[in-house]
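Novice: Got a sequence here, can you model it:
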Amino acid sequence: MSTATIRIDDALRERIARVAEANEQTPHSFMVRALAEKVDEAEWALAMRDEARDRHAAVLAGEPTVEWHDMRDWLKRRAAEGPRNKKASDGSGQ
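Specialist: Next up, the predicted model:
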C-alpha cells in the first residue's frame, strides 16, 4: 500500500473529522472510503459515456433501432401490468 499526501483546507478537515467520528470511523478510513466511492462513480460514468458512444456509432452504421412510439406503447403496457415476480421472471424456475 502506498502513501499519498493531499492538501485540504481546515474547514474541510474539520467536516471530515466530525462526520468520521459520527460514523465511528477514523478520518483516514472515511477519506479512503470516500475516494473509493468517487472513483467507482467516475468509472461508471466513463462506462456509460463509452456505451453511449458505441451505441451512437452503431445507429449511424445502420443497426436497427426501436421507434419511440413503439417503445412508448411497450412501456405503457408494461407499466399497466404492474410489478413482476422476480423469481418467476428470471427464467430459473425457482
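Novice: By mean pLDDT, point me to the weakest helix or strand of the chain.
Specialist: Lowest by mean pLDDT, DSSP states H and E among the helices and strands of the chain is helix 86-89, with a mean of 65.
Novice: Give me the buried positions along the helix or strand that contains residue 21.
Specialist: Using DSSP states H and E, residue 21 sits in helix 10-22. Going by neighbour count (16 or more other C-beta atoms under 10 Å), the buried part of helix 10-22 is 16, 20. All C-beta spots, glycine's among them, are computed from the backbone N, C-alpha and C.
Novice: Same check on stretch 30-38?
Specialist: Those buried within stretch 30-38 under the rule 16+ other C-beta under 10 Å are 30-31.
Novice: still on that earlier bit, and the helix or strand that the helix holding residue 21 is followed by, what does it pack against?
Specialist: Using DSSP H and E, the helix or strand that follows helix 10-22 towards the C-terminus is helix 27-60. The contact analysis (3 or more C-beta pairs under 8 Å, 6 or more residues apart in numbering; DSSP states H and E) places helix 27-60 against helix 10-22.
Novice: okay, the angle between the helix it packs on and helix 27-60?
Specialist: 100 degrees (axes from the mean of the first three to the mean of the last three C-alpha atoms, to 10 degrees).
Novice: Next, the residues that contact helix 10-22 from outside, please.
Specialist: 8, 26-27, 29-31 (C-beta atoms under 8 Å, 6 or more residues apart in numbering).
Novice: repeat that with 10 Å
Specialist: The contact list for helix 10-22, computed with C-beta atoms under 10 Å, 6 or more residues apart in numbering, reads 8-9, 25-31, 33-34.
Novice: mind checking how far it is from the chain centre?
Specialist: Relative to the chain's own centre, helix 10-22 is displaced by 26 Å; criterion: C-alpha atoms, centre = their mean, to the nearest Å.
Novice: as a whole number, average confidence for it?
Specialist: Helix 10-22 carries an average pLDDT of 98.
Novice: Stretch 74-85 too?
Specialist: 92.
Novice: Run the chain-centre distance for that stretch.
Specialist: On the basis of C-alpha atoms, centre = their mean, stretch 74-85 is displaced by 24 Å from the centre of the chain it belongs to.
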